[in-house]
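[1] Fold the following for me, if possible:
(chains A and B)
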Amino acid sequence: MAVNNQEIAIRLREIYQLMQLAGKNRFRAIAFDRAAQSVEALNENITDYIENETLTDIKGIGQSIAEDIKQYAETGKIEVLEALRKEIPPGVIRWLDISGLGPKNIVKIHKELGISELAELKEACLDGRVASLEGLGKKSAEKICASIEWMEQFENRCRLDQAAAIAKPMFDFLKAQPGVEQIEIAGSLRRSMETVGDVDILIAAKKSFITPLFDAFVEHHLVTEVLGRGDTKSSIRTADRRQVDLRIVKPEQFAAALMYFTGSKEHNVLLRGRACKRGFGLNEYGLFKLDEGGNTNFEKPVDYESEQDIYQKLDLHFVPPELREGRGEIEYFEKHETINLVESDDIRGILHAHSTWSDGKFSIRQMAEACIERGYEYLGITDHSLTAAYAGGLKPDEVKKQWEEIDRLNDEFETNNISFHIFKGIESDILGDGSLDYNEKLLEGFDFVIASVHQNLTMPREKMMSRFRNAIKHPAARIVGHPTGRLLLKRDGSDLNMNELIELAAEHNTAIEINANPHRLDLDWRHGNKALEVGLMSSINPDAHSINGIDVMPFGIKIARKAKFNKERILNTKSADELRRWFVAQ
DNA sequence: GCCGTTTTCGGCCCGACTGTTTTCAGTCG
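    Numbers count the residues shown, from 1 in each chain, chains lettered A, B, ... in the order given. Here you go, the predicted model:
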């Protein structure tokens, strides 16, 4: 049986979650989580390790877990996992995503109330059963209920990276089928929304190919459920409950259909209104000339070949899919040919990465070498600061030792004529009063400081703002990290006046990062217009805790584009020398 | 269950906050 790293990591993490719930030894449970993390961070394919019997070379995997992995590769099952699944009903695992509710109380509620579904839990919160349990009360029940409601809002949505991971194999598979003349991903995934509902795939094919194409689609090995099967559209669900819609249109309809199904709804409404004013009708089948009575012959669309052609007929330049949100893009592309958005090739270095000095999985050298391999010119190491004890935050004497290591590595690069530089950075906690984590003298010693909030994210808005004001005004702070602290589909971020924050940051020449981790994508792209207006600088940062963690950069770049950032306003498009100058300029 | 310049046992991320309590357990980052 062919297995991949992701799949193994998912099973190991499920064991971890179930062990927590089953009240097994905490450290034994954590061992499975650690093993899952190691497998995820692995650069090689785990099957190599299985075949060579070298699984225990992987940090965090010992004899026992190695056996479990082998068992899974051979039989598709893991004994421990199967036993745990019998003990804990699958519905209860989802409760772990409820913020404010942990394993202990989950088990208490599950056992004492005899419920195991999310909907039942919400019911029990509302009717007072949860509040009546010992150790829980009215406030706890309210908090759980609010969190469930928040989760329900996003029930059928997934993160951009999850959607992309499902779309890719489907897209590649369909593209290779006979009769496919054109194929594109449409919908919110094409627009690079941070969360995606359904994955939409659009194909242009002649009539005779339609049935075999839909057949191939619904029989794909990832499909676990066929939700619908028609002549123009079929929908399926995958094992992880994601929905994929496939539409097949006539080749001559493709451009209009792509435009229509890419959306957004708001963008489409504006386009249709614009078409109307110019004597056209626009829908998913094409662009049509209207007569004076507003009628048209739908058999005879206006000639066009691409989205670009359709935009042109509407007196617009091509609007990149990321910007089709009905937020001023029509007015802009009426006047301008292009917006010059930042591109992957513009990125020259990495500015937010952790190492084994705090909670990263790889040494500074390994992270630097991974950056060199990926063609980057520099790396800013930003481990956690003192207060982040849970993440192994650096004590002042450790900071100095880390600097020595960085100096040695930089010397080594220079001696060997490797044009690569490691910047000494830190991700300093913004403390409750907005001060940073080390004394002024130590802070001055860093090349740059990323200031991030990690604790007390739920302070009232005004308190939170005064905290950020102090941090932004701090001369050492050059970048604000993940401003709201949100975790997409899991936790709302801090309540902030983002407009004020952006203005203040621009005024103090402090950048606000676009955290490229697909769980965060924070700064939110919706603040792009304000950021553009005041000339805010940003930096697209992977917040990498492993080598693989560097490879989330494309998600950050997409969000930066969506937020209308050009190359000039992104710090890590600068050369190392330019950056050094920017860090010291106030 | 994993790991080890502390190596076959005894640790393992630890301090703060919250809500429930009346001295603390559970959760979070």
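
[2] CA only for contacts and neighbour counts going forward, please
    Will do.

[3] and A:Asp397, how many residues sit next to it?
    For A:Asp397, the count of nearby residues is 8 (other CA atoms under 10 Å).

[4] cool, and A:Phe420?
    Neighbours of A:Phe420 (other CA under 10 Å): 21.

[5] quick one: pLDDT of it?
    pLDDT recorded at A:Phe420 is 98.

[6] which phi and psi does it have?
    Per-residue torsions, A:Phe420: phi -150, psi 140 (degrees, to the nearest 10).

[7] show me the contacts for it.
    A:Ile372, A:Tyr376, A:Glu377, A:Tyr378, A:Asn410, A:Phe413 (CA atoms under 8 Å, 6 or more residues apart in numbering).

[8] Now, of the residues you listed, which are buried?
    A:Ile372, A:Tyr376, A:Glu377, A:Tyr378, A:Asn410 (16 or more other CA atoms under 10 Å).

[9] Could you list which of the contacts of A:Phe420 belong to strands?
    Judged by DSSP state E, those include A:Tyr378 as members of strands.

[10] In JSON lines: the contacts of A:Phe420, plus distance to A:Gly481 and pLDDT.
    Below are the contacts of A:Phe420 laid out as JSON lines (distance: CA to CA, whole Å; pLDDT from 0 to 100):
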{"residue": "A:Ile372", "distance to A:Gly481": "24", "pLDDT": "98"}
{"residue": "A:Tyr376", "distance to A:Gly481": "21", "pLDDT": "98"}
{"residue": "A:Glu377", "distance to A:Gly481": "21", "pLDDT": "98"}
{"residue": "A:Tyr378", "distance to A:Gly481": "19", "pLDDT": "98"}
{"residue": "A:Asn410", "distance to A:Gly481": "25", "pLDDT": "98"}
{"residue": "A:Phe413", "distance to A:Gly481": "28", "pLDDT": "97"}
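
[11] Throw the contacts of A:Phe420 into a markdown table and include distance to DNA strand B, thanks.
    Shown next, in a markdown table, are those (distance: CA to the nearest atom of the strand, whole Å):
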| residue | distance to DNA strand B |
| --- | --- |
| A:Ile372 | 27 |
| A:Tyr376 | 29 |
| A:Glu377 | 30 |
| A:Tyr378 | 27 |
| A:Asn410 | 24 |
| A:Phe413 | 25 |
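
[12] what's the closest of the contacts of A:Phe420 to A:Val584?
    Set against A:Val584, the nearest of the contacts of A:Phe420 by CA to CA is A:Tyr378 (17.0 Å).

[13] Within the helices and strands, which one has the closest residue to DNA strand B within the stretch 151-300 of chain A?
    Nearest residue of the stretch 151-300 of chain A to DNA strand B (CA to the nearest atom of the strand) works out as A:Met151 at 13.1 Å. A:Met151 belongs to helix A:138-153 when elements are defined using DSSP states H and E.

[14] Just the pLDDT for the residue of the stretch 151-300 of chain A closest to DNA strand B.
    83.

[15] is it true that it touches A:Asp492?
    No: under the criterion of CA atoms under 8 Å, A:Met151 is not in contact with A:Asp492, lying 10.2 Å apart.

[16] Name the residue in these two with the higher neighbour count.
    Neighbour totals were compared for A:Met151 and A:Asp492, and A:Met151 leads with 18 against 15 (other CA under 10 Å).

[17] Let me know the pLDDT of the residue nearest to the spatial centre of chain A.
    Residue closest to the average C-alpha location in chain A (CA atoms, centre = their mean): A:Pro518, at 1.1 Å. Looking at A:Pro518, its pLDDT is 94.

[18] Distance-wise, check the closest residue to it other than its chain neighbours relative to A:Glu74.
    Computed as CA to CA, 6 or more residues apart in numbering, the closest residue to A:Pro518 that is not its neighbour in sequence is A:Asp161, at 6.1 Å. Applying CA to CA, to the nearest Å, the value for A:Asp161 to A:Glu74 is 29 Å.

[19] next one: A:Ile148
    Distance from A:Ile148 to A:Glu74, by CA to CA: 38 Å.

[20] Name the residue in those two with the higher neighbour count.
    Applying other CA under 10 Å to A:Ile148 and A:Glu74 shows that A:Ile148 carries more neighbours, namely 19 against 13.

[21] quick one: contacts for the more buried one?
    A:Ile148 neighbours (CA under 8 Å, 6+ apart): A:Ile98, A:Leu118, A:Lys122.

[22] give me the subset of those residues touching DNA strand B.
    Near DNA strand B, taking CA under 7 Å from any atom of the strand as the test, the members of those found are A:Ile98.

[23] So which of the contacts of A:Ile148 wins on neighbours?
    Counting by other CA under 10 Å, top hit in these: A:Ile98 with 21 neighbours.

[24] OK, contacts around that one?
    A:Ile144, A:Ser147, A:Ile148, A:Met151, A:Lys490.

[25] If we use 6 Å, what do you get?
    A:Ser147 (CA atoms under 6 Å, 6 or more residues apart in numbering).

[26] Quick check: it vs A:Lys463, distance?
    25 Å.

[27] Show me what the lengthiest strand in chain A packs onto, helices and strands only.
    As assigned by DSSP E, the longest strand anywhere in chain A is strand A:421-429. Under the contact criterion of 3 or more CA pairs under 6 Å, 6 or more residues apart in numbering; DSSP states H and E, strand A:421-429 touches strand A:378-384, strand A:448-452.

[28] Out of those strands, which is closest to A:Phe423?
    Across the helices and strands packed on strand A:421-429, A:Phe423 has its closest neighbour in strand A:378-384 (4.4 Å, CA to CA).

[29] re earlier: now render the contacts of A:Ile148 as a markdown table, adding secondary structure.
    A markdown table is the format used below for those (DSSP: H, G, I helix; E, B strand; the rest coil):
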| residue | secondary structure |
| --- | --- |
| A:Ile98 | coil |
| A:Leu118 | helix |
| A:Lys122 | helix |
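
[30] between the contacts of A:Ile148, which is nearest DNA strand B?
    Nearest member of the contacts of A:Ile148 to DNA strand B, counting by CA to the nearest atom of the strand, is A:Ile98, at 6.0 Å.

[31] From A:Gln17, how far out is the closest one?
    Applying CA to CA to A:Ile98 and A:Gln17 gives a distance of 13 Å.

[32] what about the residue in the stretch 251-400 of chain A that DNA strand B sits nearest to, neighbour count?
    Nearest to DNA strand B, among the residues of the stretch 251-400 of chain A, is A:Tyr390, at 3.4 Å (CA to the nearest atom of the strand). When neighbours are defined as other CA under 10 Å, A:Tyr390 has 10 of them.

[33] repeat for A:Leu532
    16.

[34] In which helix or strand does A:Leu202 reside?
    With DSSP H and E as the criterion, A:Leu202 is inside strand A:199-204.

[35] Tell me which strands that strand pairs with, and in which orientation.
    If you go by DSSP bridges, strand A:199-204 pairs up with strand A:182-186 (antiparallel), strand A:243-249 (parallel).

[36] nearest to A:Asp309, of these?
    Proximity to A:Asp309 (CA to CA) singles out strand A:182-186 among those, at 16.5 Å.

[37] And the contacts of the closest one?
    Contacts for strand A:182-186 (CA under 6 Å, 6+ apart): A:Asp200, A:Ile201, A:Leu202, A:Ile203, A:Ala204, A:Phe261, A:Thr262.
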